[in-house]
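Undergrad: Turn this into a model:
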Amino acid sequence: MTMTIADQISELDRSVDELAACLASLSEDLLLRKLNGWTPRDILAHLIGWNRYVVKGSLQLMKGELPFYDVDPGEDYAKVNAAILETYPSTNRAELLRELRESAAELGSFLASLNPASWDCDYGVRNQGSVITIKNTADDLIADYGHHCRQIESWCQGSTDGDPQP
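TA: Numbering: from 1, shown residues only. As a prediction, the model looks like this:
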């Protein structure tokens, strides 16, 4: 079965719900406890930022430009993620969860506004030799939600084996 834009939006919504439920169940202490350099709060801010970055980067992509976050991201996007954490400094869980849902809805609305040709178009932009499309950029973000949800779940079980770096 071929994925559609509607399928991708549904998967984004499901991933946001799963992560929000995972974060809502954390104690306040664990929400703000650093494990391997990041807190679950940091991961939440990271995903809020990336929801919005994917929209902005996709608009650049549609112009044939490399998205701003790929220009000088630092090792493992350390520079990009540091800027996001400064942009979203709140430690208020309810506020952050609301912002997560709002930013994901913005991304979903953007995706819904695209025609399928734009969504999966090769605009000639490459990063490290790979074709960048709006579809595969959003897919990567959705996968990141699952990755971080599993990390947080393992932290709740007392395991810090997973590297929580975004």
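Undergrad: Show the low-confidence segments of the protein, by residue range.
TA: The chain contains residues with pLDDT under 70 at 1, 158-166.
Undergrad: try it again with 50
TA: 159-166 (pLDDT under 50).
Undergrad: Spatially central residue (nearest the centroid) of it, please.
TA: For the chain, residue 47 is the residue whose C-alpha lies nearest the centre (Cα atoms, centre = their mean; 3.8 Å).
Undergrad: what's that one in contact with, if anything?
TA: Neighbouring residues of residue 47 by Cβ atoms under 8 Å, 6 or more residues apart in numbering: 19, 100, 103, 141, 144-145, 148, 166. Bear in mind the C-beta positions are built from the backbone N, C-alpha and C, glycine included.
Undergrad: ok, residue 30 - contacts?
TA: Taking Cβ under 8 Å, 6+ apart as the test, what residue 30 contacts is 40, 155-156.
Undergrad: Would you map the strands across the chain?
TA: Under the criterion DSSP state E, the chain carries strands at the ranges 126-127, 130-131.
Undergrad: So which of those strands is nearest residue 73?
TA: strand 126-127 (9.5 Å; Cβ to Cβ).
Undergrad: Show me what the closest one pairs with in its sheet, parallel or antiparallel.
TA: strand 130-131 (antiparallel) (DSSP bridges).
Undergrad: Not counting the partner strand itself, show me its contacts.
TA: Around strand 130-131, the neighbours that count as contacts under Cβ under 8 Å, 6+ apart are 122, 125.
Undergrad: just how off-centre is it within its chain?
TA: Strand 130-131 has its C-alpha centroid displaced from the chain centroid by 19 Å (Cα atoms, centre = their mean, to the nearest Å).
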